[in-house]
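> Coordinates for the following, if possible.
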Amino acid sequence: MAGATSQWESQGLSPAHTAPSPPALHSDPTAPCGLSRSPLHLSLRGSTRNVCAQQPQATHKAATKVAPGSWLWVLLLLMGAAAMPGTSAGSHRYQHFYMGVSDPSPGMPDFTARGYVDDQQILHYDSKTRRQEPRGDWVQRAVRPDFWDRETRSLQGWQGVFQSNLVTLRYRYNQTGGSHTLQFMYGCELHEHNSTGGHMLFGYDGEDFISYDLRTRTWVAAPTQAESTQSRWNKDKALLQDARSYLEETCIEWLRKYLQHGEAALQSKHPMAQVSDRPSQDGRTTLSCRVHDFYPRDVAVVWLKNGEVQPETNRAGVLPSGDGTYQTWATIEIDPSSNHNYTCSVEHESLGAALRVSWDKGRTESNWVLIMGITFGVLLVIATMSAVANFFCLREPAPSPEGPMEKERK
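Prediction:
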């Protein structure tokens, strides 16, 4: 790690790489009396900005709550065309997703933060663990040891800002109850020929609230409720500069670094394939080929019949496995009584030649014989045990514990 540390420092990368902390949405001058104001200090690229956040003196019990798992739907709705599983060939994306919930359902955190490189999750934080954690061993090795403590402190600050801003937004929208969500998505893209892009977007209850326009370098309000925030943030020149600097410089440097470490750790991951079968309708059989543990993402999987590609192969999407590698499936429906040979063929850049795994029809038939034999054996044992039980049930009752010797003593 010593070499990695000096490399980080030589590139001028700070261990903390979360987005610059924007001021709170700020209290409205006509805020209700049930709210008090307290200063919140958040680190901002080496300086400390004192922002005023609202904190409720009493928690309002929501009439309805966000169901566990619905945060993903909200994020996907917010992301729209920028959904995680799609980056164009030759381009890469580094993104963070934060979400706060004003009154979550049981078991659901009230604040969650996740980081992704392309479609691979690499970072996780939530209000229950209160700790930034890596997803994948290579992520742990890509950063300095003090990275996790600094990131944890930063996200704990974001957690407080989100809860305060949820109170402000509820007032802005004139809402008296219900559970509400505040989302923040930010990140950058590295395209072919080294062109770059970036985005910062806040959403409220699944709708756009305010976003940073990297072209004009200003904040742009979506609904009228965000106009006061737009005015305040655009007057903060330091905040505008920090947002631009993060998207155009810091974020891109971190993306390059993660790509470098990720590819070095995973480039030798060649795919593994497993073939199985299961009965389907009308006496036919479905052959399935599961391909897993491969990196990078691009892979070609097809079924062959007697060495010929079968266009009717059904292919599933390529999905992340959670450890930095990917997995996918390919199926085909066949007549099991035919004498054709079926083979799953996998092509991947880590392989010198296509990986081929054949379907062993004879093994399948022997498996069915084994299964039938085991089933018959189990039924035989059950029948035998039933007969023994009936035998004992027809015998005379056992002598009472109070036998003749006991009766004589009495």
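
> domains of the protein?
Split into domains by automatic domain parsing, the chain comes to 2-59+68-266, 272-362.

> where in the stretch 151-300 of the chain is pLDDT low?
Counting by pLDDT under 70, the stretch 151-300 of the chain shows low-confidence ranges at 268.

> Could you rerun that using 80?
263-268 (pLDDT under 80).

> Helices along that one, start to end?
227-234, 237-245, 251-266 (DSSP state H, counting those that start in this stretch).

> winner for burial among the ones you listed?
helix 251-266 (a mean of 18; mean count of other Cβ atoms under 10 Å). Backbone N, C-alpha and C define where each C-beta goes, glycine included.

> before we move on, back to that, in TSV, list the helices of the stretch 151-300 of the chain along with distance to Gly178.
Below are the helices of the stretch 151-300 of the chain laid out as TSV (distance: least, Cβ to Cβ, whole Å):
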stretch	distance to Gly178
helix 227-234	21
helix 237-245	31
helix 251-266	34
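
> what's the closest of those to Trp148?
Closest approach to Trp148 among the helices of the stretch 151-300 of the chain (Cβ to Cβ): helix 251-266, 14.9 Å.

> quick one: contacts of the closest one?
Residues outside helix 251-266 that contact it (Cβ atoms under 8 Å, 6 or more residues apart in numbering): 8, 11, 13, 17, 92-94, 117, 120, 122, 137-139, 141-142, 186-188, 190, 196, 198, 295-296, 324-325.

> switch to 7 Å and redo it
Outside helix 251-266, the residues within contact range by Cβ atoms under 7 Å, 6 or more residues apart in numbering are 11, 13, 17, 92, 94, 117, 122, 138, 141-142, 187-188, 190, 196, 198, 295, 324-325.

> Just the ones of the residues you listed in strands?
His92, Tyr94, Val117, Ile122, Gly187, Cys188, Leu190, Thr196, Gly198 (DSSP state E).

> Need the max-distance pair from those.
Ile122 and Thr196 (19.4 Å).

> who's more crowded, the two?
Using other Cβ atoms under 10 Å, the more surrounded residue of Ile122 and Thr196 is Ile122, with 21 against 16.

> quick one: the closest residue to that one other than its chain neighbours and Gly262, what's the gap?
Nearest residue to Ile122 in three dimensions, chain neighbours excluded: Val139, at 4.7 Å (Cβ to Cβ, 6 or more residues apart in numbering). Distance of Val139 to Gly262, given as Cβ to Cβ, to the nearest Å: 8 Å.

> ok, how many other residues are close to the residue nearest to Ile122?
The burial count for Val139: 22, using other Cβ under 10 Å.

> Tell me the strands beside the helix or strand hosting His96, with direction?
Here His96, judged by DSSP states H and E, is contained in strand 92-101. If you go by DSSP bridges, strand 92-101 pairs up with strand 111-117 (antiparallel), strand 181-190 (antiparallel).

> between these, which gets nearest to Val275?
strand 111-117 (31.6 Å).

> what's the angle between the closest one and helix 251-266?
Interaxial angle of strand 111-117 relative to helix 251-266 (axes from the mean of the first three to the mean of the last three Cα atoms, to 10 degrees): 70 degrees.

> before we move on, back to that, now distance to Tyr173 and mean neighbour count too, for the strands paired with strand 92-101, in a markdown table please.
Converted to a markdown table, the strands paired with strand 92-101 look like this (distance: least, Cβ to Cβ, whole Å; neighbours: other Cβ atoms under 10 Å):
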| stretch | distance to Tyr173 | mean neighbour count |
| --- | --- | --- |
| strand 111-117 | 20 | 23 |
| strand 181-190 | 12 | 22 |
